[in-house]
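Engineer: compute the structure for the input listed below.
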Amino acid sequence: MTTAFASAVPVSAALTPVPRLRLTRRGRLVFTTLAAVPLVIGAVSFAINGGAAGAADSATGTDLMSYTTDSGIVTTLTYSPTDVGSARFITVEPGQTLWDLAEDISPAADPRDVVADIKRLNALAVETLQPGQRLEIPSDS
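Structural biologist: So this is what the prediction gives:
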């Protein structure tokens, strides 16, 4: 006994495969380009902003200093006129160490204490200095 209501969907429609999304070579190129554009924009803006480090920003009155430590960490210090106050700054010369600086700026004090003060004031994690690096030195020295 066969009923006319056994199947509401025609047999040909039930066996039709669902089309899969296929990307052509050009489509892959378009999607790759769309994914790469934000990365390129980010890299360019990082490079442009990184080039401003080490220069004075006259609009906001801040001074930026950036350097790379031996471990590869880039450190940027920002000073505003209110932070500087009566602070004194020096520029590191080639071959100069924190110990040399401590002996030069405060010959009567214990160099270990002066080195600790310089490291604290400049947020230094290592004792290696870079030529041209600008350091704040203790004002009571």
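Engineer: where exactly do the helices run in this structure?
Structural biologist: Secondary structure of the chain (DSSP state H): helices located at 11-14, 25-50, 81-84, 98-105, 111-122.
Engineer: could you dump the ones you listed to TSV with distance to residue 137, mean pLDDT and mean neighbour count?
Structural biologist: For every residue, glycine as well, the C-beta is placed using N, CA and C. Output for the helices of the chain, formatted as TSV (distance: least, Cβ to Cβ, whole Å; pLDDT from 0 to 100; neighbours: other Cβ atoms under 10 Å):
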stretch	distance to residue 137	mean pLDDT	mean neighbour count
helix 11-14	84	59	7
helix 25-50	26	87	10
helix 81-84	12	45	10
helix 98-105	5	88	17
helix 111-122	6	88	16
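Engineer: looking at those helices, spot the one closest to residue 90.
Structural biologist: Among the helices of the chain, the nearest to residue 90 by Cβ to Cβ is helix 98-105 (6.9 Å).
Engineer: show me what the closest one is packed against.
Structural biologist: helix 111-122, strand 134-137 (3 or more Cβ pairs under 8 Å, 6 or more residues apart in numbering; DSSP states H and E).
Engineer: I'd like these as CSV, with distance to residue 31 appended.
Structural biologist: Converted to CSV, those look like this (distance: least, Cβ to Cβ, whole Å):
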stretch, distance to residue 31
helix 111-122, 47
strand 134-137, 46
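Engineer: and residue 105, which of the ones you listed is closest to it?
Structural biologist: So among these, strand 134-137 is nearest, using Cβ to Cβ, at 5.3 Å.
Engineer: quick check: buried residues in that closest one?
Structural biologist: By 16 or more other Cβ atoms under 10 Å, the buried positions in strand 134-137 come out as 135, 136, 137.
Engineer: the helices of the chain: which one's closest to residue 129?
Structural biologist: Set against residue 129 and scored by Cβ to Cβ, those come closest in helix 98-105, at 6.6 Å.
Engineer: output the closest one as CSV, restricted to C-alpha atoms.
Structural biologist: What follows is helix 98-105, C-alpha atoms only, in CSV (Å, rounded to 0.1, in the frame of the first residue of the first chain):
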residue,chain,number,x,y,z
LEU,A,98,76.9,54.4,36.8
TRP,A,99,79.8,54.0,39.2
ASP,A,100,81.8,56.7,37.3
LEU,A,101,78.8,59.0,37.3
ALA,A,102,78.2,58.5,41.1
GLU,A,103,81.9,59.3,41.8
ASP,A,104,81.8,62.4,39.6
ILE,A,105,78.5,63.9,40.9
